[in-house]
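Enquirer: Next come a sequence and a model predicted from it.
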Amino acid sequence: MAFTQDEIQSLHTILGQKLTQQRQELEQFFDQRLQVLRREYEQRLITTQQEYLRVLTQKLAEQQQKNREGLNQRLEMLQASLGASMGREFGLRHQQQQHAMEADIERALAAQLLAIEQLISQRFSSVQAIADPTLFYSEEMHPDFGAIEIQTEIPWQEFFDMVGKALDERIDSLSTSLEVSLKSFEREVSL
């Protein structure tokens with residue numbers, strides 16, 4: 001079977017139109033499919049980014065919590081060691097001040113005891129002088145009349161009140177100095 005040139009030309013035209021139509025349909029199909037794939041890809045990308053951000057946020061929160069816990073532990077350790085060192089320092093200062101206060105009280109009591117002993121010995125010697133008039137007028141007892149002491153009897157209660165008052169004054173001054181020392185120590189520690 002033989003075809004004429006016109007038939008071949010019209011067949012060629014028909015085939016060309018069919019091929020063009022199929023090509024356009026295929027291009028349209030591929031464009032639609034690419035758009036669907038692009039949307040799916042963008043949606044997956046957004047979902048992946050959101051998941052990535054969620055995971056990163058969670059990891060960051062966990063890391064911050066670990067850091068916070070570590071810092072809290074270190075802070076507690078530092079506070080404990082600082083408290084212990086402050087306690088030792090305060091204990092040492094308290095002992096030093098207590099020893100100093102005890103030494104001051106001992107010196108004051110020793111001086112008062114010496115004064116009491118002198119008073120007693122003077123009383124005793126004056127009693128002996130009354131018993132022995134020759135001792136009363138001896139030059140050894142009163143070599144210089146410009147240095148005559150006037151002695152008075154002090155009741156024990158009055159004596160205890162005087163000693164108590166002197167001790168109260170010393171303890172008040174010690175308490176004040178302790179408070180000042182503690183405040184300065186607190187300022188040093190807070191700095």
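Expert: In hand now; what should we look at?

Enquirer: quick one: buried residues of stretch 88-96?
Expert: For stretch 88-96, a neighbour-count test (16 or more other Cβ atoms under 10 Å) marks nothing as buried. The C-beta positions use only the backbone N, C-alpha and C, and glycine is treated the same way.

Enquirer: Dump it to CSV, restricted to CA.
Expert: Taking C-alpha atoms only, stretch 88-96 is exported to CSV below (Å, rounded to 0.1, in the frame of the first residue of the first chain):
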residue,chain,number,x,y,z
ARG,A,88,37.1,29.1,112.3
GLU,A,89,38.1,32.7,111.9
PHE,A,90,35.3,33.8,114.2
GLY,A,91,36.2,31.1,116.7
LEU,A,92,39.9,32.1,116.7
ARG,A,93,39.0,35.8,117.1
HIS,A,94,36.5,34.9,119.8
GLN,A,95,39.2,32.8,121.6
GLN,A,96,41.8,35.6,121.3
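
Enquirer: which helices and strands sit right next to the host helix or strand of residue 157?
Expert: Take DSSP states H and E as the rule and residue 157 turns out to sit in helix 156-190. In terms of contacts (3 or more Cβ pairs under 8 Å, 6 or more residues apart in numbering; DSSP states H and E), helix 156-190 is packed against helix 5-131.

Enquirer: helices or strands up against the helix it packs on?
Expert: So helix 5-131, by 3+ Cβ pairs under 8 Å, 6+ apart, packs with helix 133-136, helix 156-190.

Enquirer: Could you list the buried residues of the last one?
Expert: By that I understand helix 156-190. Buried residues in helix 156-190, counting neighbours by 16+ other Cβ under 10 Å, are found at residue 174.

Enquirer: tell me the angle of it relative to helix 5-131?
Expert: 160 degrees (axes from the mean of the first three to the mean of the last three Cα atoms, to 10 degrees).

Enquirer: What ranges in this structure fall below the confidence cut-off?
Expert: Counting by pLDDT under 70, the ranges of the chain that qualify are 1, 124-152.

Enquirer: Fine by me, thanks again.
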